[in-house]
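K.L.:
Fold the following and give me the result.
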Amino acid sequence: MRIDAHQHYWKISRDDYGWITPDIPTLYRDFLEKDLVEHLKKSGIDKTIIVQAAPTIEETEFILSLSDQATSVIGVVGWIDIDHPSYKEQLETFRKHPKFVGIRLMIQDMPDENIILSDKFLDAFSYFEKIDLPVDFLVTSNQLPAVCELLKHVKVRGVIDHIAKPDIEKGKLEPWKTQMAEIASYSNIYCKLSGMVTEANHDNWNTKDMVPYVHHIVEVFGNHRIMYGSDWPVCLLAAGYNQVYRLLNDALPQEVTKVDKELIFGQNAIDFYKLNR
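P.N.:
Numbers count the residues shown, from 1 in each chain. Now for the predicted structure:
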């Protein structure tokens, strides 16, 4: 099974998405399954995982309800309010849904990323570790020191979204390269090869811009802990769905075999999100 491990659906009228404004006309409209299915077929993708795009319980309820009718959706990564005393109850409610597979922590929007090192968050991560809950980390490259410190204290099942958003447009590799190698040393952490095209020059990117980043992630995480994600429709700011799919195929090291690609484009997502459960 071939899986896109990271895409979004939204309805603008829901008013959950403060970051999507009329100033971003490419994204300021509804995006639903009917808008994506033909692109999935063209790229040979069988199933997708919807990832939350707003930090609200209501948006997670919305995308779970979409997944009930969306035959192409195999899993939903939602959001819970870890700051609220009832976060465990929120989580247990969502876990009753057959397509709920995990949560995402939106570190990139935190006023101080070191909040994740507070006792409250460490307790929450210890709980997630105990129940083996998959956790997506939405983090920017300048916030990686906090993630590195976090992983010294908890052994959570985690995945770094969008290769931690390095500055691809400027070709900056350090300290991202060293920090991602440290994160990869933890066998419980995966990485999504997603969101790269929007970190490059939107109007003038080239596959070769991504190669050093992709090759480093493959080198440090290995072929068994990386997965393809389109980040559609956010990717439309710089490239179409099929362009993003081809980009990753073209940027992977030559020694990546057909069997390795079956892992990257499917099996690793199945393993990480426990989709065979």
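
K.L.:
Contacts for stretch 146-159 next, please.
P.N.:
Contacts to stretch 146-159, defined as CB atoms under 8 Å, 6 or more residues apart in numbering, come from residues 107, 113-114, 116-117, 122, 125-126, 128-129, 132-137, 139, 160, 164, 179, 182-183, 186, 188-192, 227, 272. For glycine as for every other residue, the C-beta is placed from the backbone atoms N, C-alpha and C.

K.L.:
Which pLDDT value goes with N276?
P.N.:
Looking at N276, its pLDDT is 88.

K.L.:
Which strand or helix spans it?
P.N.:
Here N276 sits in a region with no helix or strand, counting by DSSP states H and E.

K.L.:
From V220, how far out is it?
P.N.:
Counting by CB to CB, to the nearest Å, the gap between N276 and V220 amounts to 26 Å.

K.L.:
more crowded one of those two?
P.N.:
More neighbours surround V220 than the other of N276 and V220, with 18 against 8 (other CB atoms under 10 Å).

K.L.:
Go ahead and confirm that one touches Y186.
P.N.:
No: with contacts counted by CB atoms under 8 Å, V220 stays clear of Y186, the gap being 11.0 Å.

K.L.:
mind listing the strands for this protein?
P.N.:
Listed in chain order, the strands of the chain (DSSP state E) span 3-7, 47-51, 73-78, 100-106, 135-138, 158-160, 189-193, 226-228.

K.L.:
which other helices and strands contact the fourth one?
P.N.:
Yep, that's strand 100-106 we're talking about. Applying 3 or more CB pairs under 8 Å, 6 or more residues apart in numbering; DSSP states H and E, one finds that strand 100-106 makes contact with strand 73-78, strand 135-138.

K.L.:
so what secondary structure elements neighbour the last one?
P.N.:
Strand 135-138 sits against strand 100-106, strand 158-160, with contacts defined as 3+ CB pairs under 8 Å, 6+ apart.

K.L.:
Just name the most buried of the ones you listed.
P.N.:
Highest mean neighbour count among the helices and strands packed on strand 135-138 (mean count of other CB atoms under 10 Å): strand 158-160, with a mean of 26.

K.L.:
So what's the model's average confidence on it?
P.N.:
On average, the pLDDT along strand 158-160 is 99.

K.L.:
what lines up beside it in the sheet?
P.N.:
Here strand 158-160 is paired, per DSSP bridges, with strand 135-138 (parallel), strand 189-193 (parallel).

K.L.:
pLDDT averaged over the shortest one - what is it?
P.N.:
Put plainly, it is strand 135-138. Summarised as a single mean, pLDDT over strand 135-138 is 98.

K.L.:
on that earlier part again, would you convert the helices and strands packed on strand 135-138 into TSV that also reports distance to A200?
P.N.:
Putting the helices and strands packed on strand 135-138 into TSV (distance: least, CB to CB, whole Å) gives the following:
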stretch	distance to A200
strand 100-106	22
strand 158-160	18
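
K.L.:
which ones are touching the residue lying closest to I20 once chain neighbours are set aside?
P.N.:
Distances taken as CB to CB, 6 or more residues apart in numbering put L27 closest to I20, at 5.1 Å, once the chain neighbours are dropped. Going by CB under 8 Å, 6+ apart, L27 touches 20, 233-234, 236-237.

K.L.:
let's see it at 10 Å
P.N.:
By CB atoms under 10 Å, 6 or more residues apart in numbering, L27 lies in contact with 8, 10, 12, 17, 19-21, 53, 233-234, 236-237.

K.L.:
If any of those are buried, put those into a ChimeraX selection.
P.N.:
Buried residues among the contacts of L27 (16 or more other CB atoms under 10 Å), as a ChimeraX selection:
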select :8,10,17,20,53,233,234,236
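
K.L.:
Any chance of the contacts of L27 in TSV with pLDDT and distance to E255 as columns?
P.N.:
Putting those into TSV (pLDDT from 0 to 100; distance: CB to CB, whole Å) gives the following:
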residue	pLDDT	distance to E255
H8	98	32
W10	97	38
I12	96	44
Y17	93	40
W19	93	38
I20	95	39
T21	95	43
A53	97	35
P233	98	32
V234	98	30
L236	98	32
L237	98	32
